[in-house]
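Asks: take this sequence and fold it.
(2 chains)
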Protein chains: 2
Amino acid sequence: MKSVNELKLILWPDDEYRLRLDRLRAGMAKAGIDAILLNDNANLYYITGRVYAGYAYIPQQGLPIFFVRRPVEMEGDGVVYIRKPEEITESIGMSAPASVGLELDVTPYSTITRLAKVFPGSEIKNASTMMRDVRSVKTPLALQMLRESGAKHTRVYKRIPGLFQEGMSDYDLQIAIEHLSRMQGCLGQFRISGDTMELYMGNILAGENADAPSPYDFAMGGAGMDPSLPVGADGTLITLGTTVMVDVNGNYNGYMTDMTRVFALGTIEPLALKAHQCSIDIHHALCDMMRPGTPAKALWEKAEEIVVNADLKPYYMGHRQHAGFIGHGVGIEINELPVIAPRSRDIIQENNVIALEPKFVIPKVGAVGIENTYIVHSDHVECITLAPEEIIYF
Amino acid sequence: MKSVNELKLILWPDDEYRLRLDRLRAGMAKAGIDAILLNDNANLYYITGRVYAGYAYIPQQGLPIFFVRRPVEMEGDGVVYIRKPEEITESIGMSAPASVGLELDVTPYSTITRLAKVFPGSEIKNASTMMRDVRSVKTPLALQMLRESGAKHTRVYKRIPGLFQEGMSDYDLQIAIEHLSRMQGCLGQFRISGDTMELYMGNILAGENADAPSPYDFAMGGAGMDPSLPVGADGTLITLGTTVMVDVNGNYNGYMTDMTRVFALGTIEPLALKAHQCSIDIHHALCDMMRPGTPAKALWEKAEEIVVNADLKPYYMGHRQHAGFIGHGVGIEINELPVIAPRSRDIIQENNVIALEPKFVIPKVGAVGIENTYIVHSDHVECITLAPEEIIYF
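Replies: This next block holds a predicted model:
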């Protein structure tokens, strides 16, 4: 990656930028959108390789225009400094598009109504789904960045046993893992689409706290340390016979991996061991099926079948509260497409990057199961989160 | 605060809840809104004392209804579990309000159009400004929580000199401060209204990096470690004759304080020392003026006058890029009302909690100046961030 001090607005290498532009325009053509105006940080980063305050205007025909409010001093073809969005109209001038795609699923209502007025003659369409679709198929550079995040993420996980000390709570362990992650270059920011889900750095769940229901739409909950952020570690002591599930941030370069591993102290009861093995079995079965053309729903169903056959349904994806999905795309954000869920209409595509997380909560023991991030190739899947998968004993 | 495992939905003490409800209804009456439907995490937390997935429906007359998707098992008057917002219509039934306030400034366009259909006969109004106004005047419990955050925040800042080691970069120091903050109970989450500003835990700026422009609307920038999160520490070594500005997260209980202090290595040039003293002088002058009834604009103008008289204008609020405000309300989010800016129409009110941050960037030295959080009382202001204000030498 180029330096963040680089003044050129487009930070991707030329080939990469052109590839992203082509894919975006193919997505626009498919969705019947003549031009898009991107404002969301994740989408601006996708197209330019940096986050800035402003907009990227991409017409199907003609040159993109990058409307920038901040930072100052950026340079490049199509860079236009503005103070307010109304100035966009003037720059676009006579070539106003018949339809404009805006990010209706993530941009606030007031912002959208203001932006819509910038295009008085144009039909406003929703570009959110199209952008999610385009971003779900990763470019070669994105795959390389994801492999790099995965390698660093794995290095951190391998060193977690060395952080444990007797008498630690889940929160103590979380702080130690955060510190180690940051020392390894983790950016910390946990980017989630939409503004209703919040998480600081990751989720560490010890013992009974794994069963505490959370408001957020993550696969596992936890009560959290405070009702203003009710998720994850809650200060539960790590005691004999219980597990600690670690699911922390793998964002090392703007593209993030997702990985979960389980650690334990003392002897864990057989039901928990069986459920952990069942999670690994599900990974193996789903990796055999996860090929271009497979319906995401079929993956969910296969996992369900394995769980039911193993008599583990009451503990699957939670116990007091159950999650509705067992996997999701990852990339710039943690909740990308495809979604592996019972009603998903997504179809697996080559170069999707998918985190699978079939997990279980065993009362009085804690959470078990693993999560890996996989790249989907035409004839196999590539795991990019390679820490040991068995339960690691402290 | 009550435990996060508490099943009662309303976590505020009864008196506090009633006070918040009364203030909200007064705000609604003033804005001509008959009922509001809150969805934003910050607003849900404001009224209930917890974040949950769902909505709070508050009519001017009649009982509030809390529509909950997650977590399961919550109890209390008016708690109604729903799977989708369309079920709200049924619960409200015949008593549909003439006008409904929704959070148009923060909720995505698609969500608002869906929610608007839940109230087919009602006029939709924007409740965002009203909510910001209501939240800007803190309740006694909120002030107590802010004092508590301020005390813990101060304890961390006093220990920063002990973290420094020769050869550290700004990023190394940041990691050490994050770790210390978390050990002291900092929740980490840096809650910002809107989804365009991102920051992980705080901003540490050493030397020249203080002058790197950032896209985000914070008072100071910094290039950051990666173009996907271009703000703050960028790995600059802390060297002789330069400053380190520390502006990190003060969220210890859901209500956050904001504080900045400056540290330095070796001898700092007189211009930087003068600018730092000028910042302290501005604080003193503004504290004398910051009373109920003062226009926020007048505070900005007073500071401007002091800066111009000291011949420090080129360095004020940045050097290559300048920030447009010198103070802001703080509370559940870091960017609350009032805003201390040249065109602000806000009027200071009793029990506003305001962070003032007149700062300077001195080329080749770094950033100087302090930030404190103040409670506005009728006849004085109370500083709740009490770390030493002079430049601290490592």
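
Asks: alpha carbons only for contacts and neighbour counts from here, please
Replies: Fine.

Asks: give the contact list for residue A:83.
Replies: With contact set as C-alpha atoms under 8 Å, 6 or more residues apart in numbering or on different chains, residue A:83 has these partners: residue A:69.

Asks: quick check: which element contains residue A:303?
Replies: helix A:296-309 (DSSP states H and E).

Asks: shouldn't residue A:56 be within a strand?
Replies: Yes: assessed with DSSP: H, G, I helix; E, B strand; the rest coil, residue A:56 lies in a strand.

Asks: that one - how many residues pack around it?
Replies: Burial measure for residue A:56: 23 neighbouring residues, criterion other C-alpha atoms under 10 Å in any protein chain shown.

Asks: how about residue A:309?
Replies: When neighbours are defined as other C-alpha under 10 Å, residue A:309 has 10 of them.

Asks: and it, how far from chain B?
Replies: 27 Å (C-alpha to the nearest C-alpha, to the nearest Å).

Asks: show the pLDDT at that residue.
Replies: Residue A:309 is assigned a pLDDT of 98 by the prediction.

Asks: likewise residue A:148?
Replies: pLDDT recorded at residue A:148 is 98.

Asks: burial measure for it, as a count.
Replies: Using other C-alpha under 10 Å, residue A:148 has 20 other residues around it.

Asks: dihedrals phi and psi, it?
Replies: For residue A:148, the backbone dihedrals (degrees, to the nearest 10) come out as phi -70, psi -50.

Asks: what's it in contact with, if anything?
Replies: By C-alpha under 8 Å, 6+ apart, the contact list for residue A:148 reads residue A:252.

Asks: how near is it to chain B?
Replies: From residue A:148 to chain B the distance is 14 Å (C-alpha to the nearest C-alpha).

Asks: who's in contact with the residue nearest the centre of chain A?
Replies: Against the mean C-alpha coordinate of chain A, by C-alpha atoms, centre = their mean, the closest residue is residue A:334 at 1.3 Å. Residues near residue A:334 by C-alpha under 8 Å, 6+ apart: A:190-193, A:256, A:258, A:328.

Asks: returning to what we had before: immediately after the helix holding residue A:303, which helix or strand?
Replies: Helix A:296-309 is succeeded, C-terminally, by strand A:327-329 (DSSP H and E).

Asks: what pairs with that next one, and is each one parallel or antiparallel?
Replies: Applying DSSP bridges, strand A:327-329 is found paired with strand A:336-340 (antiparallel), strand A:353-356 (antiparallel).

Asks: in stretch A:233-241, what's buried?
Replies: Across stretch A:233-241, burial judged by 16 or more other C-alpha atoms under 10 Å in any protein chain shown covers A:233-239.

Asks: could these go into CSV alongside pLDDT, distance to residue A:369 and secondary structure?
Replies: CSV is the format used below for the buried residues of stretch A:233-241 (pLDDT from 0 to 100; distance: C-alpha to C-alpha, whole Å; DSSP: H, G, I helix; E, B strand; the rest coil):
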residue, pLDDT, distance to residue A:369, secondary structure
A:233, 97, 17, coil
A:234, 96, 20, coil
A:235, 97, 22, coil
A:236, 96, 20, coil
A:237, 97, 20, strand
A:238, 97, 18, coil
A:239, 97, 19, coil
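
Asks: for those residues, which one is nearest residue B:23?
Replies: residue A:234 (32.0 Å; C-alpha to C-alpha).

Asks: mind listing which of the contacts of residue A:334 are in strands?
Replies: Cross-referencing the contacts of residue A:334 against strands under DSSP state E gives A:256, A:328.

Asks: how about the stretch 251-394 of chain A: which residue is closest to chain B?
Replies: Residue nearest to chain B within the stretch 251-394 of chain A: residue A:254 (5.2 Å; C-alpha to the nearest C-alpha).

Asks: isn't there a strand covering that residue?
Replies: No: judged by three-state DSSP, residue A:254 forms no part of a strand; its state is coil.

Asks: report the contact partners of the nearest residue to it once chain neighbours are set aside.
Replies: In this structure, residue A:254 finds its nearest non-sequential neighbour in residue B:228, 5.2 Å apart by C-alpha to C-alpha, 6 or more residues apart in numbering or on different chains. Residues near residue B:228 by C-alpha under 8 Å, 6+ apart: A:45, A:49-51, A:253-254.

Asks: mind redoing it with 7 Å?
Replies: A:45, A:50-51, A:254 (C-alpha atoms under 7 Å, 6 or more residues apart in numbering or on different chains).

Asks: now, the most widely separated pair of the residues you listed?
Replies: The widest separation within the contacts of residue B:228, taken as C-alpha to C-alpha, falls between A:51 and A:254 and amounts to 10.0 Å.

Asks: circling back: tabulate the buried residues of stretch A:233-241 in CSV, adding columns for distance to chain B.
Replies: Formatted as CSV, these follow (distance: C-alpha to the nearest C-alpha, whole Å):
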residue, distance to chain B
A:233, 11
A:234, 8
A:235, 11
A:236, 12
A:237, 16
A:238, 17
A:239, 20
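
Asks: deepest of the strands paired with strand A:327-329, which one?
Replies: Among those, the stretch with the highest mean neighbour count (mean count of other C-alpha atoms under 10 Å in any protein chain shown) is strand A:353-356, at a mean of 29.

Asks: residues touching that one, excluding its own?
Replies: Contacts of strand A:353-356 (C-alpha under 7 Å, 6+ apart): A:258, A:326-330, A:371-376.

Asks: still on that earlier bit, from the contacts of residue A:334, which is closest to residue A:184?
Replies: Relative to residue A:184, the closest of the contacts of residue A:334 is residue A:256; by C-alpha to C-alpha it sits at 14.0 Å.

Asks: is that closest one in contact with residue A:332, as I believe?
Replies: Yes: under the criterion of C-alpha atoms under 7 Å, residue A:256 makes contact with residue A:332 at 6.2 Å.

Asks: ok, back up a step: any idea how far the residue of the stretch 251-394 of chain A closest to chain B lies from residue B:189?
Replies: Distance, residue A:254 to residue B:189, by C-alpha to C-alpha, to the nearest Å: 19 Å.

Asks: who's more crowded, those two?
Replies: Set residue A:254 next to residue B:189 and count neighbours by other C-alpha under 10 Å: residue A:254 wins out with 28 against 23.

Asks: who's in contact with the residue nearest to residue A:37 when sequence neighbours are not counted?
Replies: Nearest residue to residue A:37, sequence neighbours excluded (C-alpha to C-alpha, 6+ apart): residue A:57, at 4.5 Å. Contacts were defined as C-alpha under 7 Å, 6+ apart; by that measure residue A:57 touches A:36-38, A:64-66.

Asks: buried members of these into PyMOL, please.
Replies: Buried subset of the contacts of residue A:57, written as a PyMOL selection, criterion 16+ other C-alpha under 10 Å:
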select buried, chain A and resi 36+37+38+64+65+66
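
Asks: need the contact partners of the helix or strand hosting residue A:88.
Replies: For residue A:88, the host element (DSSP H and E) is helix A:87-92. Around helix A:87-92, the neighbours that count as contacts under C-alpha under 7 Å, 6+ apart are A:118-119.

Asks: picking up where we left off before, just the buried ones from the contacts of residue A:334?
Replies: Applying 16+ other C-alpha under 10 Å to the contacts of residue A:334 flags A:190-193, A:256, A:258, A:328 as buried.
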